[in-house]
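Asker: Sequence and predicted structure below; questions after.
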Amino acid sequence: MFHKALLVLPLIFLSSPTFATPLEQREAAPGLIDGLLTGILDPIRQSIKDILTGVKSGVADGEISSKPLLCLSTVDKCCVWYDVSTELTKRFKETNGQCNDAARAAIRFGFHDAGAWDKDTTTGGADGSLMMDFGEIDRPENNGLQSVRLLLREVQAKFKVGYADLAQYAHNHATISCPKGPRIRTWVGRKDATGAAPTGKLPDVHDSPDNLIALFERKGFSAHDLAALVGAHAAAKQRFVDTSQAGKPLDTTPGVWDVEFYNDTLQEPQNPDIFVLPSDKKLSVHPKIHDEWLEFVGDQPHWNEDYAKAYIRMSLLGVTTAELKGLKDCTRTLPKKTNK
Ligand code: HEM
């Protein structure tokens with residue numbers, strides 16, 4: 001009798017509506033992440049600080065492991081991410097080893113989810129809101145992200161991971177799915193959104209370079225970071241800027257994460273096989289960016305390092321101190337780097 005009661009009680013406790021906690025309102029951290037990385041830090045926040053300040057690399061090309069035969073999710077939060085990784089590899093890779101349309105869309109998706117934030121907002125950031133049901137996907141700036149959103153929602157439903165984590169994990173997975181892409185250090189443990197991200201925080205392709213630089217500065221990125229970040233257009237196509245040229249790649253090698261983009265963007269006359277975004281053209285020759293742009297031409301390790309550092313900042317936009325403290329490093333679950 002005593003034993004029976006012991007078994008039944010926890011079940012009642014778990015299923016009883018009286019004990020259900022209301023959905024806690026998610027608030028994005030006000031201010032830049034740098035303000036949250038001061039004083040005595042736990043190892044995770046110290047490691048993030050070291051990367052953001054350039055003491056340590058954000059690229060972890062060598063940290064690879066396969067899922068242990070016995071992987072207990074209660075002990076190791078990364079267990080499920082090994083399975084997510086296997087699934088995403090199937091979705092993001094072509095048979096020739098290059099990354100595909102779903103991968104490039106996932107790279108953009110991670111940015112559009114996290115980037116809808118700045119230091120003065122208390123909503124948005126890397127919170128999964130773009131994947132959730134808050135209507136963000138219907139905003140014009142998110143045109144083209146519908147299919148990958150559905151793909152990611154399928155993955156979320158299958159593995160029951162957080163939306164916020166999945167958006168950033170998929171970005172990092174897509175990057176390494178492209179030959180030559182960096183293996184960006186990857187944490188999980190973010191809180192999911194409880195509402196839509198603010199509007200007007202994502203870049204407009206027709207805006208001036210000064211405005212674009214200022215927009216990214218409000219998120220904590222330098223002009224140098226922006227030069228590295230727009231390099232993601234190395235693995236990109238356009239469909240909506242000029243619909244008569246829909247499907248044209250933004251560089252000559254869209255299935256590979258290489259520095260051709262930096263070279264291709266500068267060419268005059270422009271290569272007719274590619275589409276150079278007006279924003280990329282203007283940024284490439286802007287005095288605050290041009291020198292860095294030239295340095296990336298022909299220097300893959302330099303770009304990969306700078307991209308990883310800047311994207312780690314992106315993947316943590318709006319994340320609070322409490323969330324930062326609970327993050328778990330699951331970089332080891334990502335696939336290994338390929339060069340072709
Ligand atoms: C000045 C900043 C930026 C502007 C103005 C911009 C604008 C655009 C535009 C207009 C497209 C084409 C959309 C279409 O017509 O289908 C695009 C595609 C893309 N963007 Fe950006 N972007 C910026 C920064 C970034 C950043 C920071 C990332 C990633 C970290 C990124 C990743 C991508 C990717 C991967 C694609 C290709 C998507 C696909 O092929 O499905 N962009 N971007």
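Answerer: Thanks, I have it.

Asker: Lys77 and Gly189 touch, don't they?
Answerer: Yes. With contact defined as C-beta atoms under 8 Å, Lys77 counts as touching Gly189 (7.1 Å). Bear in mind the C-beta positions are built from the backbone N, C-alpha and C, glycine included.

Asker: any common contacting residues for those two?
Answerer: Between them, Lys77 and Gly189 share these contacting residues under C-beta atoms under 8 Å, 6 or more residues apart in numbering: Lys328.

Asker: those strands in the stretch 151-300 of the chain, which residues are they?
Answerer: Under the criterion DSSP state E, counting those that start in this stretch, strands of the stretch 151-300 of the chain are mapped to 187-188, 237-238, 248-249.

Asker: Give me the below-cutoff pLDDT ranges for the chain.
Answerer: For the chain, the stretches flagged by pLDDT under 70 are 1-23.

Asker: mind listing the helices for it?
Answerer: In the chain, the helices defined using DSSP state H lie at 2-15, 43-52, 79-92, 101-115, 146-159, 163-177, 209-217, 223-229, 260-266, 278-284, 290-296, 300-314, 321-325.

Asker: Could you export the ones you listed as a markdown table, including mean neighbour count and distance to the ligand?
Answerer: Formatted as a markdown table, the helices of the chain follow (neighbours: other C-beta atoms under 10 Å; distance: least, C-beta to the nearest ligand atom, whole Å):
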| stretch | mean neighbour count | distance to the ligand |
| --- | --- | --- |
| helix 2-15 | 9 | 41 |
| helix 43-52 | 17 | 16 |
| helix 79-92 | 19 | 12 |
| helix 101-115 | 26 | 4 |
| helix 146-159 | 16 | 8 |
| helix 163-177 | 28 | 7 |
| helix 209-217 | 17 | 4 |
| helix 223-229 | 22 | 4 |
| helix 260-266 | 22 | 11 |
| helix 278-284 | 19 | 4 |
| helix 290-296 | 17 | 13 |
| helix 300-314 | 22 | 6 |
| helix 321-325 | 16 | 21 |
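
Asker: ok, Leu317 - contacts?
Answerer: 28, 33, 114-115, 117, 124-126, 219-220.

Asker: Most neighbours of all those, which one?
Answerer: Counting neighbours by other C-beta atoms under 10 Å, Gly125 leads these with 32 neighbours.

Asker: Please look at that one and Ala114 and confirm they touch.
Answerer: Yes. With contacts counted by C-beta under 8 Å, Gly125 reaches Ala114, the gap being 5.9 Å.

Asker: what is in contact with the two at once?
Answerer: Listed as contacting both Gly125 and Ala114 by C-beta under 8 Å, 6+ apart are 317-318.

Asker: picking that back up, in a markdown table, list the helices of the chain along with distance to Thr252.
Answerer: Below are the helices of the chain laid out as a markdown table (distance: least, C-beta to C-beta, whole Å):
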| stretch | distance to Thr252 |
| --- | --- |
| helix 2-15 | 56 |
| helix 43-52 | 31 |
| helix 79-92 | 21 |
| helix 101-115 | 15 |
| helix 146-159 | 23 |
| helix 163-177 | 19 |
| helix 209-217 | 23 |
| helix 223-229 | 19 |
| helix 260-266 | 5 |
| helix 278-284 | 14 |
| helix 290-296 | 15 |
| helix 300-314 | 15 |
| helix 321-325 | 39 |
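
Asker: Tell me which of these lies nearest to Ala197.
Answerer: Taking C-beta to C-beta, helix 101-115 is the member of the helices of the chain nearest to Ala197, at 7.7 Å.

Asker: what angle do the closest one and helix 146-159 make?
Answerer: Relative orientation of helix 101-115 and helix 146-159, computed by axes from the mean of the first three to the mean of the last three C-alpha atoms, to 10 degrees: 80 degrees.

Asker: Alpha carbons of helix 101-115, as CSV, please.
Answerer: What follows is helix 101-115, C-alpha atoms only, in CSV (Å, rounded to 0.1, in the frame of the first residue of the first chain):
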residue,chain,number,x,y,z
ASP,A,101,19.0,25.9,-50.6
ALA,A,102,17.7,24.8,-47.2
ALA,A,103,21.2,25.4,-45.6
ARG,A,104,21.5,29.0,-47.1
ALA,A,105,17.9,29.7,-45.9
ALA,A,106,18.8,28.4,-42.4
ILE,A,107,21.8,30.7,-42.3
ARG,A,108,19.6,33.6,-43.0
PHE,A,109,16.9,32.4,-40.7
GLY,A,110,19.2,32.4,-37.7
PHE,A,111,20.2,35.9,-38.4
HIS,A,112,16.6,37.1,-38.9
ASP,A,113,15.5,35.5,-35.7
ALA,A,114,18.3,36.9,-33.5
GLY,A,115,18.9,40.2,-35.4
